[in-house]
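**Q** from the sequence below, what's the structure:
(chains A and B)
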Amino acid sequence: MSAPLAAYLAEQENKSLLRFLTCGSVDDGKSTLIGRLLYDSKLLFDDQMAALQKDSRKFGTAGEDIDFALLVDGLEAEREQGITIDVAYRFFATDKRKFIVADTPGHEQYTRNMATGASNSDLAVILIDARKGVLTQTRRHAYIASLLGIRHVVLAVNKIDLVEYAQSVFDGIVADFTKFAEALGFATLVPIPLSARYGDNVIAKSGNMPWYSGPSLLDHLESVDVETALAEQPFRLPVQWVNRPNLDFRGFSGTIVGGRVRAGSPVVVAGSGRTSTVERIVTMDGDLDVAVAGEAVTVTLADEIDISRGDILCAPETRPEVSDQFAAHLLWMAEEDLLPGRQYLLKVGPRTIPATITALKHKVDVNNLERLAAKTLTLNEVGYVNLSASHPIAFDSYRDNRDTGGFILIDRFTNGTVAAGMVDFGLRRATNVHWQALDVNKDARGGQKGQKPAVLWFTGLSGSGKSTIANIVERNLFAHGRHTYLLDGDNVRHGLNRDLGFTDADRVENIRRVAETAKLFVDAGLIVLVSFISPFRSERRMARELLDTGEFIEIFVDTPIEVCMGRDPKGLYEKAKAGAIKNFTGIDSPYEVPETAELTLKTVDAAPEDLAGQVLSYLRGKALIP
Amino acid sequence: MTVPQARISHLRRLEAESIHIMREVAAEFSNPVMLYSIGKDSSVMLHLALKAFYPSKPPFPFLHVDTTWKFREMIRFRDETAKRLGLNLLVHINQDGLKRGINPFDSGSSLHTQVMKTESLKQALDKYKFDAAFGGARRDEEKSRAKERIFSFRNAQHAWDPKNQRPELWRVYNTRINKGESIRVFPLSNWTELDIWQYIMMEEIPIVPLYFAAMRPVVERDGTLIMVDDDRMKLRDGERPEQRLVRFRTLGCYPLTGAIESPAATLEEIVAEMFTARTSERQGRLIDSDESASMEKKKREGYF
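**A** Next up, the predicted model:
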């Protein structure tokens, strides 16, 4: 390699990288600004330029000029509508630095995509239209940026040309924003007046604003120091994959997300508390003496200890917290509202476990950061919650480590990512609660009664015939000496669940309590009959997952709604149609038909006794009863 | 021996990110596959896979969707690479398309690509029931790619819904799918073309010789230099192959891949040439030039 080229490559290689995002309200000019940065720093290729000129004529909104937004708005729908829907990533480099910029959407509807861009950024450029000043969306984005741990902000007051480059306008906006941002704790906040369309103060200082003495945007981006010194944090290595090529090698592969490790370092497995020493740090290019945060490595340990995917190797003197309950901020990202009590999957690092939101402490009003009481979170709302995981996990506060403190929630049914979470702190040491191993167990209790305990879960519309059939089944079982218990929607609601109404959130809690109660009765060895409308698949699935395999028998009592309305034994449909009852299943609240029911009973033209007979023969077929 | 340092370099950071992604897929999916298209990006992706699981072998097979119109040198390189590294390499050809006589000359680039690449890929994914497939695409290549997640969800018809992508935060990837659905995974998302070349140089990764300048028989057709790679290429009136000093910035089906005139015969000359390049690499790809939204359209139909 020639010496000048080698030197050039070394220089390229040693450049630092800045990941930043542009955000702010719709039409504040985010995409235009990025287009301008790329264009003015001569990072557009000729063919890209030609395509841009063609597109500007076809879709452009800048008249005869080039519409730079079309460079980043890469989706057809975006170009047609002239808006940004999803985050776009662009890459550019100057003599001083490499940049990855996330251009994020301004519409409130797409806030989750803005959060996606923010989660991997170190700096946010928040744009403001000089004519409009600080808007709700400006505040929302500033708040979400701070929530996701961004410490450095540029306040880009754009379209300054449209207010005659007036200093008074700029100063007013800066004062407004600074007042709001005080509570957000940014380490740096640099306001810059600019015009993305004409390039003022983007690359070079503009002659149109002699009153402005600060840097141009690019000058600032090239020089701002955002290093977080991750390598100086406590050592954390979440294990992604156990590396076992043969019987003689057992390595643990993962990315170091905090601190550093050396061959010979003592380590502890967070959670189990088992300790060992790092023997080797293995890579294809040879063993390392030391590895630091950001590197993907494979380590071997001196001792054979039990470690699997999801465990975190850490430094013995600075361990993460271990708990099954913790407080966290949640940014809700799904169309479907958050339901306290519903079980979601929580993924933090390489670990995925079931978790439930046990309390929604408050939500946050993005206009003034006030805390508001709330029963649920809807799309793009931020709340502060307590979470309960199915078993203890290791984590850090998000403030200390994004990787061990940031998590997502996944809907168990749609598999969608419904929330981003930032752990605040653990609520209690999980080790205080132990399940007692008892000698007299479920099998023993069931055996005493000559049966295998199970839950017969009757689900269907109001008036479908659930309780009628369940009653016949129970009478028959009782007559044959079986031990049973019937949990019925109406009788439980008068006692145990007296405090619950009929909102979606309350329905979830209703079902959760019934399922937990059924589980206790199963543990007591009983055959439990549950007769509940239970309209949501995810709740029925939650009940199913509480029980052991084969214990949950879902029985869909399948009656068309017209038939149920005709029967209307309690006159409820009449009232619901008249609007006297809200959230009535089948009228103004959905019923999700079971897809995996063990039994489906079609009630039209069938006698309840025959349908009960089907249930009994199923139980005999599965040897639950003799 | 390494010197302790607080910050890892740009390329090491990209490398670590890609390795992290690959390990996540290996751990969470039951039947992943890595697409191997023989080009420079595939070569880098393969190299990263070897690193990610060392001393184990990559715990998944590799798949080449062969249109039967690749450069002969590519196929030779593919087979040598698989042999040298002991890879489990699957090759899939759309036999139905072959029977129908689909080819880039008579069928046109768009139908050829649709049948022999997109459809063929879907056939192979369905045949082996792969639930995750790595591709070597980068976000800097094209505008709709710049919008795509690293873990890109596809429905049971392999289609991408660009307006409804899962949020993707930090290094936490949602890998949950239902039966029949799949995820396309792009471990090189954040690499640029220059990063790829610098990494190839730094790591001394073998690549197909077509990337280096040599005298090759080409004809100029519709403003593009097409290499006459075999006798299936019918010459038009007045066309006569001539030997010119050319190389390729990207590789694909030879009738659809434009060569550039260049004397760059070594990696360092290629990188040096890149610093002064005025066109993007996809410019040489005839299948992309129809309209700027054509990539998105193809992706929604199941293209990588």
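**Q** I'd like to know how many residues surround B:A82.
**A** 18 (other CB atoms under 10 Å in any protein chain shown). (C-beta placed from N, C-alpha, C; glycine too.)
**Q** how about the one residue in the stretch 501-626 of chain A that gets nearest to chain B: what's its closest non-neighbour residue?
**A** Residue of the stretch 501-626 of chain A nearest chain B, by CB to the nearest CB: A:E595 (10.9 Å). Spatially, and ignoring its direct neighbours in sequence, A:E595 is nearest to A:R537 (7.1 Å; CB to CB, 6 or more residues apart in numbering or on different chains).
**Q** now do A:D200
**A** Closest to A:D200 by CB to CB, 6+ apart is A:S206, at 3.5 Å.
**Q** three-state assignment of the one you found?
**A** coil (DSSP: H, G, I helix; E, B strand; the rest coil).
**Q** the residue nearest to A:E595 and A:P105, how far apart?
**A** Distance of A:R537 to A:P105, computed by CB to CB, to the nearest Å: 31 Å.
**Q** more neighbours: which of those two?
**A** Neighbours per residue (other CB under 10 Å) separate A:R537 from A:P105, with A:P105 holding more: 25 against 17.
**Q** does the more buried one count as helix, strand or coil?
**A** A:P105 - assigned by three-state DSSP - is coil.
**Q** that one is in contact with A:A77, isn't it?
**A** No - checked against CB atoms under 8 Å, the pair A:P105 and A:A77 is beyond contact range at 11.6 Å.
**Q** anything in contact with each of the two?
**A** Residues touching both A:P105 and A:A77 (CB atoms under 8 Å, 6 or more residues apart in numbering or on different chains) are A:I85.
**Q** how about B:E269, nearest residue that isn't a chain neighbour?
**A** B:P263 (7.3 Å).
**Q** element containing that neighbour?
**A** Counting by DSSP states H and E, B:P263 is held by no secondary-structure element, helix or strand.
**Q** okay but it is in contact with B:A272, surely?
**A** No - judged on CB under 8 Å, B:P263 makes no contact with B:A272 at a distance of 10.8 Å.
**Q** show me which of these two is the more surrounded one.
**A** A direct count of neighbours by other CB under 10 Å for B:P263 and B:A272 places B:A272 higher, at 15 against 10.
**Q** would the more buried one count as being in a strand?
**A** No - applying three-state DSSP, one finds B:A272 to be helix, outside a strand.
**Q** counting neighbours, what do you get for the residue of the stretch 501-626 of chain A closest to chain B?
**A** 9.
**Q** can you check A:A175 too?
**A** Quick note: A:A175 (other CB under 10 Å) scores 11 neighbours.
**Q** before we move on, what about the one 10 residues further on?
**A** Counted with other CB under 10 Å, residues neighbouring A:G185 total 8.
**Q** can you check what pLDDT the model gives the residue nearest to it when sequence neighbours are not counted?
**A** Leaving aside its chain neighbours, A:G185 sits nearest to A:S146 (6.6 Å; criterion: CB to CB, 6+ apart). Per-residue pLDDT puts A:S146 at 93.
**Q** residue ranges with poor pLDDT in the stretch 451-600 of chain A?
**A** A:490 (pLDDT under 70).
**Q** before we move on, what about the stretch 201-304 of chain B?
**A** B:277-294.
**Q** list the buried residues in the helix or strand where A:S617 lies.
**A** Taking DSSP H and E as the definition, A:S617 sits inside helix A:608-621. Buried residues in helix A:608-621, counting neighbours by 16 or more other CB atoms under 10 Å in any protein chain shown, are found at A:608, A:611-612, A:615, A:619.
**Q** give me the helices and strands touching it, please.
**A** Judged by 3 or more CB pairs under 8 Å, 6 or more residues apart in numbering or on different chains; DSSP states H and E, helix A:608-621 is in contact with strand A:454-459, helix A:466-479, strand A:552-558, strand A:599-602.
**Q** poorly predicted segments of the stretch 51-200 of chain A, please.
**A** A:59-65, A:72, A:74, A:79, A:81-83.
**Q** how about the residues of it near chain B?
**A** The stretch 51-200 of chain A comes close to chain B at residues A:51, A:54-55, A:71-77, A:79, A:85-91, A:93, A:98, A:100, A:112-113, A:115-116, A:119-120, A:148, as judged by CB under 8 Å from any CB of the partner chain.
**Q** buried ones among the residues you listed?
**A** A:51, A:55, A:71-76, A:79, A:85-91, A:93, A:98, A:100, A:112-113, A:115-116, A:119-120, A:148.
**Q** no more questions from me, cheers.
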